[in-house]
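[1] Fold the following.
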Amino acid sequence: NEDVLHPGLPGPGDVEIQASGEAKSSQLHTASATLGIVHMPQAPWEENAARMEVAIVIRAFKAGKYTITTFRNGEPQPPSVVELTQNQTRNIVVPDFLKTEAIFVKVVRAASTGK
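    Numbers count the residues shown, from 1 in each chain. The predicted structure follows:
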């Protein structure tokens, strides 16, 4: 995710990433990708922190084909490729979200072929 962290600008790019409930999302974007960090900013550190289900909503500002990859504990989860129209959303449900955890969500828009 360093390709977005180092040159990234705050806020949404081609997509906006939001989280449900108490979870919050921070975003960085480049011309080719948006990286969201989903976390619980008010969660106190606890050895046995509570777990919950979090829904992550991805809304496309531009129509296109997107590859969505989530990272838990630094490990990429299997990516999904979705075709979204302008303002269409895609929901991702994260089960067993640990309140002290941070999940990275990387959304990459496929390059236009000009056809």
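
[2] Secondary structure class of V4, three-state.
    With DSSP: H, G, I helix; E, B strand; the rest coil as the basis, V4 sits in helix.

[3] thought it was touching A33?
    Yes. Between V4 and A33 there is a contact under CB atoms under 8 Å: 5.1 Å. C-beta here means a position set from N, CA and C on the backbone, and glycine is covered the same way.

[4] in this structure, which helix or strand is least confident?
    helix 2-5 (a mean of 67; mean pLDDT, DSSP states H and E).

[5] Partner strands of the next helix-or-strand element following it, with direction?
    Later in the chain than helix 2-5, the nearest helix or strand by DSSP states H and E is strand 9-10. Taking DSSP bridges as the criterion, strand 9-10 forms sheet pairs with strand 24-29 (antiparallel).

[6] Could I get the average pLDDT for the strand it pairs with?
    For strand 24-29, mean pLDDT is 93.
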